[in-house]
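[1] Sequence plus predicted model, see below.
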Amino acid sequence: MKITGKYIADIHSSFVEFEVDELPSKDEQDEITENASCYEAIWMGEANKNDNNFNGSPSLMIGMDDCTMEDLELLLSVMSEGDVDEIKEIKSDKY
């Protein structure tokens, strides 16, 4: 999974949504969800943003107020280290 650079959420929201080029496999998603600190830490699915043409686009949503840095480490199994570092930087700077 890789961030495409399309940042599609309000920076002041506790949930930040990123468009990604593909989602992890079902097994990978289950592993991440099972090991996350809480249900609202990481969500992966299809975005339905009709007004922004993201209808059905793969989406990664991070609950910035609820996730820990350890939760973000779980993403290293499906994302590049650079992409995970980018998400960590947003969390550190804004939340």
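    Sure, I can see it. Just so it is clear, the model here is predicted, and its values are computed rather than measured.
[2] who does the longest helix seen in the chain touch, helix- and strand-wise?
    When the chain is parsed with DSSP state H, its longest helix is helix 81-94. Applying 3 or more CB pairs under 8 Å, 6 or more residues apart in numbering; DSSP states H and E, one finds that helix 81-94 contacts strand 3-7, helix 69-73. For glycine as for every other residue, the C-beta is placed from the backbone atoms N, C-alpha and C.
[3] Go ahead and flag the most central residue of the chain.
    Centroid-nearest residue in the chain: residue 60, 3.3 Å away (criterion: CA atoms, centre = their mean).
[4] helix, strand or coil for it?
    strand (DSSP: H, G, I helix; E, B strand; the rest coil).
[5] for the longest helix of the chain, which positions count as buried?
    Within helix 81-94, the residues scored as buried using 16 or more other CB atoms under 10 Å are 83-84, 86-87, 90-91.
[6] for stretch 16-26, same thing?
    Under 16+ other CB under 10 Å, the buried positions of stretch 16-26 are 16-20, 23-24.
[7] Give the rounded mean pLDDT of it.
    On average, the pLDDT along stretch 16-26 is 86.
[8] change the start of the numbering to 560 and stick with it
    Renumbered: residue one is now 560, and that last one reads stretch 575-585.
[9] pull the CA atoms of that stretch into CSV?
    The C-alpha coordinates for stretch 575-585 follow below in CSV (Å, rounded to 0.1, in the frame of the first residue of the first chain):
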residue,chain,number,x,y,z
VAL,A,575,-7.4,11.9,8.7
GLU,A,576,-8.2,10.1,5.5
PHE,A,577,-5.6,9.3,2.8
GLU,A,578,-6.3,8.0,-0.6
VAL,A,579,-4.0,5.0,-1.3
ASP,A,580,-3.3,3.1,-4.5
GLU,A,581,-4.4,-0.3,-3.0
LEU,A,582,-5.6,-1.8,0.2
PRO,A,583,-3.8,-4.6,2.0
SER,A,584,-5.1,-8.1,1.7
LYS,A,585,-7.9,-9.2,3.9
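[10] one step back: tell me which of the buried residues of helix 640-653 is nearest to residue 589?
    Checking these against residue 589 by CB to CB gives residue 643 as the nearest, at 19.1 Å.
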